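>>> for reference, the sequence and a predicted model appear below.
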Amino acid sequence: MSIVRNRKEYIQAIADECMMMLWIISEIRLDGDGDTFENFRSLLDEGPRATDRSYHFDPLASISHKKVLILKAGTLISSDKCKLLWSQFMVHVDSIVTLVLDVEGKLTRTLGEPVKEFLRSARDNTWATIKMLLVTETIAAASYLQYGLLDLVLDEGAVKELLSRLKNHGRNVVESKAKEEAATISMRMKDRFTKLFNTYLSREQKRKIDVQAIVQSALDECMLMLWVISAIRLDGDGDTIENFRYLLDDGPLAYISREEELILRAGTLISPDKCKLIWYLFMVEVDPIVKPALDAQEAYKWNKRMSGIQIALLALRVATSTLIFVTTGVPVFF
């Protein structure tokens, strides 16, 4: 809704500017007298705006003569003609707004659900796939928009501006979906791990179970989920999953100082500090799921790993609390 509302405000601002143009040229005002712009607006602005799609503009409607707002002397465009021109202009604006809203609505629908599914599936090529989808669907929407604009007689500059807005709209849809998915990543990681862990165990029941391998495979997929959603990578740059793994698995005493190397400066959805915190908390949450399935030797290795995670989590919490306290003077407790 906010995107549409902003667009309506933008269109209305253009309409106001065009109304000012018509007022200025409607009369020669060298003597300093004549109508005011406010009176001129009241003459033209009778009825709903062009952005109200439920209203049908009728350029042939009878023109009322309630007020004589344009001087007879020095008049270039009569009040009747001004109203007719404005009515015709608003019909034109309404047609453009309707077309643009329809095309952008279709682009939103063709991108929204597929992008969500790609982000949730979390593969090495997720962002490359999303970028390909964005480019393909934006080109298709742009072709549809250009075809619809043929009968609306717009100059080349105006068409280019509308196409540019359409391109930005498509990207905004992708970024909005990514932000929504980033907000629920912790819960989805735990759900994915539980499902994968139970599925792998059931498959291995008829043969010797390598629980450690099953755990690592499930952890790898969850780490990939976090990496995919940590930043928007439509421009093809940013960190790799290998560097990201090093960020999360580099031991309890590591201090986060490689942010600029590992996460995109622009497009970051989850900061490196927050990624580590999410990962450590996730490991603590899956610990009760893993432990019962481990034998003595595997349990020893797992407990040693979790001990490091617990120390790292405590260190990260202390560092985060200290940073917030130094910055704001407000103590923070986890």
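Everything's here; your move.
>>> quick one: mean pLDDT over stretch 143-161.
When pLDDT is averaged along stretch 143-161, the result is 87.
>>> revised request: answer the last question for stretch 314-325.
In this model, stretch 314-325 carries a mean pLDDT of 58.
>>> same thing with stretch 119-126?
Rounded mean pLDDT across stretch 119-126 is 93.
>>> try stretch 174-185
In this model, stretch 174-185 carries a mean pLDDT of 95.
>>> from residue 174, how far off is residue 269?
From residue 269 across to residue 174, the span is 12 Å (CB to CB, to the nearest Å). Using the backbone N, CA and C atoms, a C-beta is placed for each residue, glycine as well.
>>> now the common contact residues for the two.
Counting by CB atoms under 8 Å, 6 or more residues apart in numbering, the contacts common to residue 269 and residue 174 are residue 232.
>>> tell me where the longest helix sits in this structure.
helix 79-121 (DSSP state H).
>>> immediately after that helix, which helix or strand?
Next along the chain after helix 79-121, taking DSSP states H and E as the criterion, comes helix 126-149.
>>> give me the angle between that next one and helix 79-121.
160 degrees (axes from the mean of the first three to the mean of the last three CA atoms, to 10 degrees).
>>> which strands and helices sit next to the helix or strand following helix 126-149?
Moving toward the C-terminus from helix 126-149, the next helix or strand (DSSP H and E) is helix 156-182. For helix 156-182, the contact count by 3 or more CB pairs under 8 Å, 6 or more residues apart in numbering; DSSP states H and E identifies helix 79-121, helix 126-149, helix 211-230 as packing neighbours.
>>> deepest in the core, which of those is it.
Neighbour counts (mean count of other CB atoms under 10 Å) averaged over each of these peak at helix 211-230, with a mean of 20.
>>> could you give the mean pLDDT of it?
pLDDT averaged over helix 211-230 gives 92.
>>> OK, contacts around the nearest residue to residue 179 once chain neighbours are set aside?
Excluding the flanking residues, the one nearest residue 179 by CB to CB, 6 or more residues apart in numbering is residue 269, at 6.3 Å. Neighbouring residues of residue 269 by CB under 8 Å, 6+ apart: 178-179, 182, 229-232.
>>> including distance to residue 133, could those go into CSV?
As requested, the contacts of residue 269 are arranged in CSV below (distance: CB to CB, whole Å):
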residue, distance to residue 133
178, 13
179, 18
182, 19
229, 17
230, 20
231, 18
232, 14
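>>> do you know the pLDDT at the residue nearest to residue 179?
pLDDT at residue 269 comes out at 91.
>>> and what of residue 280?
So, for residue 280, pLDDT stands at 91.
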